[in-house]
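S.K.: curious how this folds, go ahead:
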Amino acid sequence: MRKSWVQIDGVLVEKENYTPSINHQTMIMPDIKEYKSMITGEMISSRTKHKNHLRQHNCFEVGNEKLERQERVTPGGIKEDLIRNMRRR
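M.R.: So this is what the prediction gives:
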């Protein structure tokens, strides 16, 4: 027969014998507080409205932007000059 286990403070406890304490409750993230949009001046009152508002105005939160991989470009001639100088030694 299969058994399930839960680790609590480094001790394995069989799952059917496990009763969560107050410290092991599910945490739910609250909704954001209402704020005034700096773009349009309207009041944004929920996380969904916030995300839609940003998308509608082509904006993003700093730190959440998706970075595109950029190719490293060397200014013209520097790479060739370095190779030439290294070969002289």
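S.K.: make it CA atoms for all contacts and neighbour counts henceforth
M.R.: Fine.
S.K.: residue ranges with poor pLDDT in the chain?
M.R.: Residues of the chain meeting the criterion pLDDT under 70: 1, 17-26, 64-65, 69-76, 89.
S.K.: that one: strands as residue ranges?
M.R.: Per DSSP state E, the chain carries strands over the ranges 5-8, 11-14, 35-36, 43-44.
S.K.: closest to Gly77 out of those strands?
M.R.: strand 35-36 (51.4 Å; C-alpha to C-alpha).
S.K.: Leu67 versus Lys36, what's the distance?
M.R.: 28 Å (C-alpha to C-alpha, to the nearest Å).
S.K.: please identify which of the two sits among more neighbours.
M.R.: Lys36 (11 against 6; other C-alpha atoms under 10 Å).
S.K.: who's in contact with that one?
M.R.: Residues in contact with Lys36 (C-alpha atoms under 8 Å, 6 or more residues apart in numbering) are 42-44.
S.K.: and those, which of them are buried?
M.R.: Ile44 (16 or more other C-alpha atoms under 10 Å).
S.K.: of the contacts of Lys36, closest to Asp9?
M.R.: Ile44 (41.7 Å).
S.K.: ok, back up a step: in JSON lines: the strands of the chain, plus distance to Arg55.
M.R.: Formatted as JSON lines, the strands of the chain follow (distance: least, C-alpha to C-alpha, whole Å):
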{"stretch": "strand 5-8", "distance to Arg55": "41"}
{"stretch": "strand 11-14", "distance to Arg55": "46"}
{"stretch": "strand 35-36", "distance to Arg55": "16"}
{"stretch": "strand 43-44", "distance to Arg55": "13"}
